[in-house]
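> sequence first, predicted model second:
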Protein chains: 2
Amino acid sequence: MPRSARITDDACVPAASEEGVLEDLIGYALRRAQLKVFQNLIARLSAHDLRPAQFSALAIIEQNPGLMQADLARALAIDPPQVVPMLNKLEERALAVRVRCKPDKRSYGIFLSKGGETLLSELKQIAADSDHEATSSLSDGERTELLRLLKRIYRD
Amino acid sequence: MPRSARITDDACVPAASEEGVLEDLIGYALRRAQLKVFQNLIARLSAHDLRPAQFSALAIIEQNPGLMQADLARALAIDPPQVVPMLNKLEERALAVRVRCKPDKRSYGIFLSKGGETLLSELKQIAADSDHEATSSLSDGERTELLRLLKRIYRD
DNA sequence: TATTGTTATACTCTATAACTATA
DNA sequence: TATAGTTATAGAGTATAACAATA
């Protein structure tokens, strides 16, 4: 039985219309738009059994070959412990490798494998297509403007 | 010991620069911007021990008094089972109430309590202030344009 | 003593199947 | 049988403290 059945016991409304206050909040619109765009990307990446964060990691590694795990964590805006299982996955699938750092034997340099590079070039096209499809209601000029405004926000 | 120490054992790069491929993706920019805006909102709402989703729920209930839990789930874009603990919290804190629906005794109508209405009017101001602060690098005209573009995306 | 990577843990969010009570 | 709400559970994502090896 439900945990509450107090009060006057009455009321029933068919309603479920659109919101009022939330509609003026950029944060709310950002969340909804981000969810929609990500749903598209998640669906496409699932064909390769990858999550968006893993794709981002591969792209960051390619852009910064030899970076350390702490650097990767910072670039992904996640905490260092979260990098471990993610990198383990990428290593298991032979997409990336950890290489001992000579001067500082505590750390690793992270690199893409040849297979990782090949897959990443495919993923880049997939991500670009997904991005375009999920924002198909915008013109190219609007996409450019949106990108500019979003960068202004997250770059502080 | 680490689970991999194969390969040539060498390499060390101070690097950790900015990304290249990701910078052109709207999905990536959306995610970063949304995280930043939400961090601000989460911090402000924590003073009232509330999460953004709970604030959204209160706003939707006010806009649709008497709606059913299934309607609320749809409006929040979450699954019905997730509504239960959230609504329990709101009822425990006497911000919202479930009222038995007379014609269909399986369902409830959801309403704000008087205290819920009072708190919500406070929260609206907090959310508006947070939104403004988190997007302080934009002009009012740019905020309006951004909101327009985001709605075009998530409304399909 | 401080730092890199790691382990363990926990808490939230999300998603699914199955149960109850009504219809 | 179908539906509204609920329960239970499992999987991600996120955050923190603490440990080992190295500096």
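Received it, and whenever you're ready, just let me know what you need.

> in chain A, which spans are helices?
With DSSP state H as the criterion, chain A has helices at A:26-45, A:52-63, A:69-76, A:80-92, A:114-134, A:140-154.

> turn those into a markdown table, columns for mean pLDDT.
Listed next are these as a markdown table, based on pLDDT from 0 to 100:
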| stretch | mean pLDDT |
| --- | --- |
| helix A:26-45 | 97 |
| helix A:52-63 | 98 |
| helix A:69-76 | 96 |
| helix A:80-92 | 97 |
| helix A:114-134 | 98 |
| helix A:140-154 | 98 |
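
> so is stretch A:49-68 next to DNA strand C?
Yes - counting by CB under 7 Å from any atom of the strand, contacts between stretch A:49-68 and DNA strand C involve residue A:68. (Glycine included, C-beta is placed from N, CA and C.)

> and that stretch, which residues are buried?
A:50, A:52, A:54-64, A:66-68 (16 or more other CB atoms under 10 Å in any protein chain shown).

> picking that back up, for the helices of chain A, give me CSV that also has distance to residue B:45.
Output for these, formatted as CSV (distance: least, CB to CB, whole Å):
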stretch, distance to residue B:45
helix A:26-45, 11
helix A:52-63, 25
helix A:69-76, 25
helix A:80-92, 24
helix A:114-134, 29
helix A:140-154, 19
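
> need the ones you listed in JSON lines with distance to chain B, can you?
Formatted as JSON lines, those follow (distance: least, CB to the nearest CB, whole Å):
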{"stretch": "helix A:26-45", "distance to chain B": "4"}
{"stretch": "helix A:52-63", "distance to chain B": "5"}
{"stretch": "helix A:69-76", "distance to chain B": "4"}
{"stretch": "helix A:80-92", "distance to chain B": "6"}
{"stretch": "helix A:114-134", "distance to chain B": "5"}
{"stretch": "helix A:140-154", "distance to chain B": "4"}
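
> now do residue A:77 against DNA strand D, distance only.
7 Å (CB to the nearest atom of the strand, to the nearest Å).

> sorry, that was for residue A:85
Residue A:85 is 8 Å from DNA strand D, by CB to the nearest atom of the strand.

> and for residue A:119?
Here the criterion is CB to the nearest atom of the strand. By it, residue A:119 lies 18 Å from DNA strand D.

> likewise for residue A:93?
14 Å.

> re the thing from before, show me the one of the helices of chain A that comes nearest residue B:147.
Comparison of these against residue B:147 by CB to CB identifies helix A:26-45 as nearest, at 5.6 Å.

> the closest one to helix B:52-63, inter-axis angle?
For helix A:26-45 against helix B:52-63, the angle by axes from the mean of the first three to the mean of the last three CA atoms, to 10 degrees is 120 degrees.

> CA atoms only for helix A:26-45, dumped as CSV, please.
Taking Å, rounded to 0.1, in the frame of the first residue of the first chain, the C-alpha atoms of helix A:26-45 are listed here in CSV:
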residue,chain,number,x,y,z
ILE,A,26,19.2,28.1,-20.1
GLY,A,27,20.3,25.3,-17.7
TYR,A,28,17.1,23.5,-18.3
ALA,A,29,17.3,23.9,-22.1
LEU,A,30,21.0,22.8,-22.0
ARG,A,31,20.1,19.7,-20.2
ARG,A,32,17.3,18.7,-22.5
ALA,A,33,19.3,19.5,-25.6
GLN,A,34,22.4,17.6,-24.3
LEU,A,35,20.3,14.6,-23.5
LYS,A,36,18.9,14.4,-26.9
VAL,A,37,22.2,14.9,-28.7
PHE,A,38,23.8,12.3,-26.5
GLN,A,39,21.1,9.7,-27.0
ASN,A,40,21.9,9.8,-30.7
LEU,A,41,25.6,9.5,-30.1
ILE,A,42,25.2,6.7,-27.6
ALA,A,43,23.1,4.7,-30.0
ARG,A,44,25.7,5.1,-32.8
LEU,A,45,28.7,4.3,-30.6
